[in-house]
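S.K.: I'd like to go over a predicted model; first the sequence, then the structure.
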Amino acid sequence: MVLLQPDPFLNELTSMFEKSTEKGSVWVTFKRSSLKSKVQRNKMKTAGQAIDYRCLIRATYGNKTISTSVGAKEHQRFQASYATVLKAHMTALKKRERKDKKKAVEKEKGGAKKAKTDPMVVA
């Protein structure tokens, strides 16, 4: 796993999305992290020091994994750039097939009418 700066990460993520248009998927995960071990965090808590949490972002395509760490101050700018990259590469998605609600309701009503006009039922 390679820890990159945010801008090179977005460039590499773009190339991953371009490679995945024909085959494969890109997995992106966001996680809250302090980039310190549990022992170090516990020492900081007991000492009364504030723990600086960051956002750890990982992207995986096939066997290749890249990651970056974004602080609170630069998070807004990163999210805007990330959204631009996502919007540009959402073209390979397939649209969901939806059933027409009117046809489904008519079928249900039509089935109920047939049950009432059954010739075997004697009134």
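M.R.: Structure's in. What do you need? Numbers count the residues shown, from 1 in each chain.

S.K.: contacting residues around the residue nearest the centre of the chain?
M.R.: Centroid check for the chain by Cα atoms, centre = their mean gives residue 28 as the closest residue, at 6.5 Å. If a contact means Cβ atoms under 8 Å, 6 or more residues apart in numbering, then residue 28 has 13, 57-60 as its contacts. Backbone N, C-alpha and C define where each C-beta goes, glycine included.

S.K.: can you count the residues close to residue 59?
M.R.: By the criterion of other Cβ atoms under 10 Å, residue 59 has 20 neighbours.

S.K.: of the contacts of residue 28, buried ones?
M.R.: 13, 57-60 (16 or more other Cβ atoms under 10 Å).

S.K.: Spell out, range by range, the strands that occur in this structure.
M.R.: 2-4, 26-33, 54-61, 64-70 (DSSP state E).

S.K.: Could I get the buried residue list for stretch 86-99?
M.R.: Buried, per 16+ other Cβ under 10 Å, within stretch 86-99: residue 89.

S.K.: Can you get me the centre-to-centre distance for that stretch and its chain?
M.R.: 13 Å (Cα atoms, centre = their mean, to the nearest Å).

S.K.: roughly how far apart are the residue nearest to the centre of the chain and residue 1?
M.R.: 14 Å (Cβ to Cβ, to the nearest Å).

S.K.: Same question for residue 48.
M.R.: Following Cβ to Cβ, the distance that separates residue 48 from residue 1 is 33 Å.

S.K.: contacting residues around the residue nearest to residue 19 when sequence neighbours are not counted?
M.R.: The shortest distance from residue 19 to any non-neighbouring residue, by Cβ to Cβ, 6 or more residues apart in numbering, is to residue 61 (6.5 Å). By Cβ under 8 Å, 6+ apart, the contact set of residue 61 is 16, 19-20, 24-27.

S.K.: Poorly predicted segments of this structure, please.
M.R.: Along the chain, segments meeting pLDDT under 70 span 92-93, 104, 110-123.
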